[in-house]
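Chemist: Starting from these lines, generate the structure:
(3 chains)
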Amino acid sequence: MRVSLNQAQRQAVEHGDGPLLVLSGAGTGKTRVLVQRIALLVERGVAPWEILAVTFTNKAAQEMRARLAELLGERAKAMWIGTFHATCARLLRRWGEAIDVPRDFHIVDDDDQMKIVGQLLKDEGLADSISPRTLLSRFDRAKNRGVDPTTERLGFSDEYVQAIYPKYAARLRKEHALDFNDLLLQTLRLLEHPEVGPRLATQFRHVLVDEFQDTNRVQYRLVTALGGASRNITVVGDDDQSIYGWRGAEPRNMFDFERDFPEVVVIRLEQNYRSTQMILDAANAVIGKNRERHVKHLWTDRGGGEPLVWHEAGDERGEAWFVADAIRKLIDHEGISPRDVAILYRTHGQSRALEEQLLRFGLAAEIVGGVGFYERKEVKDVLAYLRLVLNPASDMSFERVVNTPPRRIGEATVEKLRQRARAGLTPAARKTLGAFVELIDGLAAVAAAGASVAELVIQVVERSTYRQVLEAEDTEESRQRLGNLAELVTVAADYDDEAGADGTVAGFLERIALASPSDGQLGAGDGAEQHRVRMTTIHAAKGLEFPVVFLCGLEDGLFPSLREREGQDEDAQLEEERRLAYVALTRAMDRLVLTAARTRRTWGEIRVQTPSRFLDDIPAACLARPRRGATPVAAVSSGGGWPRAGAPAMARRPDRPAPRRSLGTTYDEHDQRSHDDDEPSFDLDGDRGTARLREDRIGAGARVRHVQFGAGRVVDAQGQGKDRKLVIEFPDVGYKTVLARFVTTD
DNA sequence: GGGTGTTATCTTTTT
DNA sequence: GATAACACCC
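Modeler: Prediction:
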């Protein structure tokens, strides 16, 4: 760690009592400031347990704790360091009973929420009216602001919210469950409790908040309430990096803080220690287009730097090929470590093509986020067993596993139980249910006998016959699942080791509930991560830095995402995307490569893409691109090496009249040929171009074969691509409408 | 009640 | 392309 601090940093570190607002641009060393400041507070006599540091992600919390442990040793352990949600869970666990939050509450994740809401919608006969996801986002939108969804009077409240939310809340109460927002809201209520509130407000002599621009209204109130007594609140943030508006973040909180704490000392960190001037110039130019911002003057004494490389490939595989090839050469010829390289993208869906090509080039990737370990079905099943052992009254857990693995208890039986119509059960069902109850009782006995969490997990997998069933299946997938369950045992064993005598099943479940899926990623500590290129969404990359950054998928519609979002106007949305671009660009220390694909396959559909409008904002002098005709490889490495500053290239939109927002355009063969002429080297498989739009070629008169109905003749066809429907006359079954992708042409 | 095959839907982004 | 929901058949 750099020990020396610049003047502004020093001022922030040494600030004494009273509110402090640190406006810190990207790469200006805010984490260092926070850590040093906390260390100094302890040196000055503040007890570790009187310090509360709130971060946004578990990763950030872990890192902060680790750095403080280096400086302070054991004392770091007693500090309150965690995410908002983890901190609130801890407070509620300790004090929640004062406001009737049950001591044994558990936390429901998105999946559970969706299931509950889906079921309620079905019960009310509204399943076709609104999707659970939309409804949940409406709940959240109110709750993010501390408003009860049913009393919301500001416009977006509607009959569905009115109908379902009370039932949803009741359901959670019954299950002793809180959702993520409830954690925050209940803690806020706790702070209003006449006895507990004042006590909590004085417990922390110093409250410090990282990424303050991403706090929502409820979190703002939490911070000011928790630090209210001493007014020793330090908030650190950068409104240009506010990228969680969709989650209710209000960057405005930064200004409100100044208003609510007039004596606040404001310090600006503007010297960037991370990136070259070239990278900063590009990033500043992009963010400069935003209107709603506090203008900052980021500067660096790392002058110059290499221009950004821009490459547009034919399709996403070509893009991935370019990236993988470039990384391979950086490692082989320039001594770059895989660990120094990050591939960033807008959505998780982009990762697959990239990973495939990396593999082809012998490069291992660590994908952060995506389909997380704790979201796997088998893992959730076993966790549901644990929850059921803990709380036999949990209907949600019961319904999840009563027939998992299948033991002949079907929907009909479950429905009877729901109706409390036990009398109507068939004798067979009774017997099976009895056995299930015995299974759970047996597991409870194991737990009561003092088994470790890991042992209990093993018992669940064994006694539920999960292992036997998966072993009998013996497919690639079942082996994978078995492996995941083995991994879960390891995770539990780690927890046992760490928590020691304090470890409980409940503690284990809570840790998992609060962990983001990406926190469950494996491979930590085996040394292999040193050899892995990191791949992550831009959101998950916030706060990180890498010597070399590849930013992929710079295409309008993908990045910026132009997807409509309820409750946020288009301009605000675009500004947030632009901030996201700013975050992405400023992750890079030395080298930055921007890529796009002219066509991209999404949802099995090929679309023509246009380069991102953000590219237009990057000054031409900051961009280089491989010479036309040269293989893209040459530009990045090998012979020509990395492009030099002043390379005579600039980003241009394609001059063909591609419609700017051409998201619905289907791909055609001419397009493909012309692209392939451009970049013949990308065709590695030799299987491209075959059967691309096979479906569209099937029209009236075609002879086709269907797996079920046999051979037939097409009499009519409608739609295109994967949605193309055919009306087929089959000699045996008559006319049938069938999707074109389900028939073969012999 | 369960298995199979067909169809609809899906994607931002995270605690 | 993948997966969850659904319809149909045993």
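Chemist: Is the nearest residue to residue A:589 once chain neighbours are set aside in a helix, a strand, or coil?
Modeler: Counting by Cβ to Cβ, 6 or more residues apart in numbering, the nearest residue to residue A:589 once its immediate chain neighbours are dropped is residue A:547, at 4.8 Å. Backbone N, C-alpha and C define where each C-beta goes, glycine included. Counting by DSSP: H, G, I helix; E, B strand; the rest coil, the backbone at residue A:547 sits in strand.
Chemist: Could you pull out the strands in the stretch 351-500 of chain A for me?
Modeler: Using DSSP state E, counting those that start in this stretch, the strands found in the stretch 351-500 of chain A span residues A:364-367.
Chemist: so who does the residue nearest to residue A:589 touch?
Modeler: Residues in contact with residue A:547 (Cβ atoms under 8 Å, 6 or more residues apart in numbering) are A:336, A:340-341, A:588-591.
Chemist: Can you add neighbour count and give those residues back as a markdown table?
Modeler: Formatted as a markdown table, the contacts of residue A:547 follow (neighbours: other Cβ atoms under 10 Å):
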| residue | neighbour count |
| --- | --- |
| A:336 | 18 |
| A:340 | 18 |
| A:341 | 25 |
| A:588 | 29 |
| A:589 | 20 |
| A:590 | 19 |
| A:591 | 26 |
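Chemist: Distance of the residue nearest to residue A:589 relative to DNA strand B?
Modeler: With distances taken as Cβ to the nearest atom of the strand, to the nearest Å, residue A:547 is found 22 Å from DNA strand B.
Chemist: quick one: that residue and residue A:24, what's the gap?
Modeler: Residue A:547 sits 21 Å away from residue A:24, going by Cβ to Cβ, to the nearest Å.
Chemist: for residue A:247, same thing?
Modeler: When residue A:247 is compared with residue A:24 (using Cβ to Cβ), they lie 21 Å apart.
Chemist: got it, and residue A:447?
Modeler: 47 Å.
Chemist: Flag the shaky bits of the stretch 501-650 of chain A, pLDDT-wise.
Modeler: Scanning the stretch 501-650 of chain A for pLDDT under 70 picks out A:516-529, A:566-568, A:625-650.
Chemist: what ranges do the strands span in it?
Modeler: A:532-537, A:546-551, A:588-602, A:605-608, A:623-624.
Chemist: Tabulate those (JSON lines), appending distance to DNA strand C.
Modeler: JSON lines is the format used below for the strands of the stretch 501-650 of chain A (distance: least, Cβ to the nearest atom of the strand, whole Å):
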{"stretch": "strand A:532-537", "distance to DNA strand C": "17"}
{"stretch": "strand A:546-551", "distance to DNA strand C": "23"}
{"stretch": "strand A:588-602", "distance to DNA strand C": "7"}
{"stretch": "strand A:605-608", "distance to DNA strand C": "7"}
{"stretch": "strand A:623-624", "distance to DNA strand C": "33"}
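Chemist: How much space separates the residue in chain A positioned nearest to DNA strand C from residue A:142?
Modeler: Across chain A, no residue is closer to DNA strand C than residue A:604, which sits at 2.4 Å (Cβ to the nearest atom of the strand). Using Cβ to Cβ, residue A:604 is found at 36 Å from residue A:142.
Chemist: Looking at the two, which is more packed in?
Modeler: Legend: neighbour count by other Cβ atoms under 10 Å for residue A:604 and residue A:142, higher for residue A:142 (21 against 9).
Chemist: residues in the stretch 551-700 of chain A within reach of DNA strand C, list them.
Modeler: Residues of the stretch 551-700 of chain A lying near DNA strand C by Cβ under 7 Å from any atom of the strand: A:603-605.
Chemist: Return the closest of those residues with respect to residue A:222.
Modeler: Distance ranking of these against residue A:222, using Cβ to Cβ, places residue A:603 first at 39.4 Å.
Chemist: Next, the residues that contact the longest helix seen in chain A from outside, please.
Modeler: Across chain A, the longest stretch assigned as helix under DSSP state H is helix A:476-499. For helix A:476-499, contacts defined as Cβ under 8 Å, 6+ apart pick out A:373, A:376-379, A:382, A:452-454, A:456-458, A:461, A:466-467, A:470-471, A:503, A:507-508, A:511, A:520, A:522.
Chemist: before we move on, the earlier item: which one of residue A:247 and residue A:24 has more residues nearby?
Modeler: residue A:24 (26 against 14).
Chemist: can I assume that one is in contact with residue A:30?
Modeler: Yes - at 3.9 Å, residue A:24 counts as touching residue A:30 under the criterion of Cβ atoms under 8 Å.
Chemist: any residues in contact with both of those two?
Modeler: Contact criterion Cβ under 8 Å, 6+ apart; residues shared by residue A:24 and residue A:30: A:236, A:238, A:269.
Chemist: now that we have these, which one has the most neighbours?
Modeler: For the shared contacts of residue A:24 and residue A:30, the largest neighbour count, defined by other Cβ under 10 Å, is 28 neighbours, found at residue A:238.
Chemist: Can you report phi and psi for that residue?
Modeler: Dihedral angles of residue A:238 (phi, psi; degrees, to the nearest 10) stand at phi -150, psi 110.
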